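J.: dropping a prediction and its sequence here:
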Amino acid sequence: MGEKVVADGFAPSDRQRYRRKLQQCLAGLARLLAEKRFDRPRNLMGLEIELNLAGADGLPRMLNGPVLQKIASPDFQTELGMFNLEVNIAPHRLAGRVFDRLAEEVGTSLGYADRKAAELDAGVLMIGILPTLAQRDLVFENLSAADRYTLLNDQILAARGEDFTLDIHGVERLLCTSESIVPEAACTSVQLHLQVTPARFAAVWNAAQAVAGVQIALGANAPFVFGRELWRESRPPLFLQATDTRPPELQAQGVRPRTWFGERWVDSAYELFEENLRYFPALLPICDDEDPLLVLDEGRVPRLQELVLHNGTIYRWNRPVYGWVDGVPHLRVENRVLPAGPTVTDVIANAAFYYGLVRSLADDPRPVWKRMEFADAEANFDTACRYGIEAELRWPRQGRAGGVATLPAVRLVLDELLPLAAAGLDAWHVEPADRDFYLGVIEQRCLRRVNGASWQADTFHKALGDGLDREAALAATTRRYRELTLTGEPVHTWPVGTG
């Protein structure tokens, strides 16, 4: 079907049929929720990491097809750009020494992939945006060789009707245009999944939204785009603009972008899926033969393929996910906030902090989303992207007085959120040794005010001060970044400089 669609495009009747199928899927989801058909609580989490391929010179390598052939593992797959890979880690139960086990598995997988890439004079790098990527690298010719990427590119372009404008004001300004969505491929992230029951979904999703800005402040790792120093975490504005189906007139009318933080707290997972249908036209109106309501009438569970496909073309930073395993449906919150890297230890520390904090906030009898406006959570996300670990964030005051205060992100984390994360990990029955080690990494980042973005920017400026030109400084920063990631030591311990 995919090859035929790429060749022939979509007819108006395809979109009408797809819209009807989406409504049937939504009705099917409502029935599954009403009939309590979802999987029982199993405290399962999952992890995906998007990766870059770079050579010993620090420059990108357009080799994901050949590298994947060398790796020959179903755990690795393509991503949008030919310089991208993704690794998927099998689900784990949140308990015991789960984070040490994750660190070992991720380290083993990345080490193996790096050795295979080295056979083609490339290496695997975890970084939010590769500093040496140039505008000439992010062109249609470097789109991964898979029909689904070409189809997605064509449909987003058709919906927009004109080239994409990339305009980001930060430390410097980036202003350029693109004829394809390939600049999106510059953005490599970590996706944290948490399986939840329908009754718990809203609390977990709201908690994840509330802490998204904190996650970015601590984990920012993408200060450069096309050689320009922009925001400390430049992925969100770049991703938004590189996938924006709205021409300027629709933006001016307030039409929502497909890369979206959201606009309100929710009471159920259903609300988010319903919003996705109500606000966003289909990009890929490919219909499955399944009749979801008939499947339910027969006592079976539908896969809701159209709903799942449509959901995957709306890029919420915390995304609702409907899954289906062995005939049993489940719901997940997919946290898409964090950039990749810098090291395995940093990635796992970010995950431990997130899972612990979300557990505590979701369990709180006075939930944070009842004590702060959604607009504050959205503003925190934007502020953290701009300023990283130096951001000042809005957060509810402790005690009975109430209200919301603005305070440095590092003070908020050290004084209030780290203890909550520790309590949350205890509630998951994570071993104290895991809890203390990985939350200790977060604590040291705050005390030293160092994350991946600050290290990259400081090292780049030192290289400029040492007499290198801009391109050479970016390449030297990237090479040194890779050297230090291979030591495994977390980023807050890294010395600034290229040698």
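T.: All right, it came through fine. Numbering: from 1, shown residues only.
J.: just give the nearest non-adjacent residue to residue 330, would you?
T.: In space, and not counting its chain neighbours, residue 330 is closest to residue 39: 4.1 Å by Cβ to Cβ, 6 or more residues apart in numbering. In this view, the C-beta of every residue, glycine as well, is placed from N, C-alpha and C.
J.: where exactly do the strands run in the stretch 1-150 of the chain?
T.: Secondary structure of the stretch 1-150 of the chain (DSSP state E, counting those that start in this stretch): strands at 44-54, 76-78, 84-93, 123-125.
J.: so which of those strands gets nearest residue 346?
T.: Nearest to residue 346, of all those, is strand 44-54, at 11.5 Å by Cβ to Cβ.
J.: could I get the contacting residues of the residue nearest to residue 330?
T.: The contact partners of residue 39, taken as Cβ atoms under 8 Å, 6 or more residues apart in numbering, are 195, 197, 325, 328, 329, 330.
J.: how about the helices in the stretch 301-450 of the chain?
T.: For the stretch 301-450 of the chain, applying DSSP state H, counting those that start in this stretch gives helices covering 305-311, 344-363, 374-387, 409-412, 418-427, 432-448.
J.: nearest to residue 66, out of these?
T.: helix 344-363 (24.6 Å).
J.: I'd like to know which elements that closest one is packed against.
T.: Applying 3 or more Cβ pairs under 8 Å, 6 or more residues apart in numbering; DSSP states H and E, one finds that helix 344-363 makes contact with strand 44-54, helix 98-118, strand 190-196, helix 198-219, helix 418-427, helix 432-448.
J.: so how far is the fifth one off the chain centroid?
T.: Using Cα atoms, centre = their mean, to the nearest Å, the mean C-alpha position of helix 418-427 is found 23 Å from that of the whole chain.
J.: again, but for the third one
T.: Relative to the centre of its chain, strand 190-196 is centred 10 Å away, using Cα atoms, centre = their mean.
J.: picking up where we left off before, report pLDDT for the residue nearest to residue 330.
T.: Per-residue confidence (pLDDT) for residue 39: 86.
J.: what distance do you get for it to residue 197?
T.: When Cβ to Cβ, to the nearest Å is the yardstick, residue 39 and residue 197 sit 8 Å from each other.
J.: and if you look at residue 373?
T.: 27 Å.
J.: most centrally placed residue in this structure?
T.: Using Cα atoms, centre = their mean, the residue of the chain that lies closest to the mean C-alpha position is residue 336, 2.5 Å off.
J.: which of the helices of the stretch 301-450 of the chain has the highest mean neighbour count?
T.: Mean neighbour count, computed with mean count of other Cβ atoms under 10 Å, is highest for helix 344-363 among those, reaching a mean of 25.
J.: what mean pLDDT would you report for it?
T.: Averaging pLDDT along helix 344-363 yields 98.
J.: now that helix against helix 98-118, angle please.
T.: 140 degrees (axes from the mean of the first three to the mean of the last three Cα atoms, to 10 degrees).
J.: for residue 19, find the nearest of the helices and strands packed on helix 344-363.
T.: Evaluated with Cβ to Cβ, those place helix 198-219 nearest to residue 19, the distance being 25.1 Å.
J.: list the buried residues in that closest one.
T.: 198, 200-219 (16 or more other Cβ atoms under 10 Å).
J.: and for stretch 137-152?
T.: In stretch 137-152, residues buried by neighbour count (16+ other Cβ under 10 Å) are 137, 138, 142, 143, 144, 149, 150, 151, 152.
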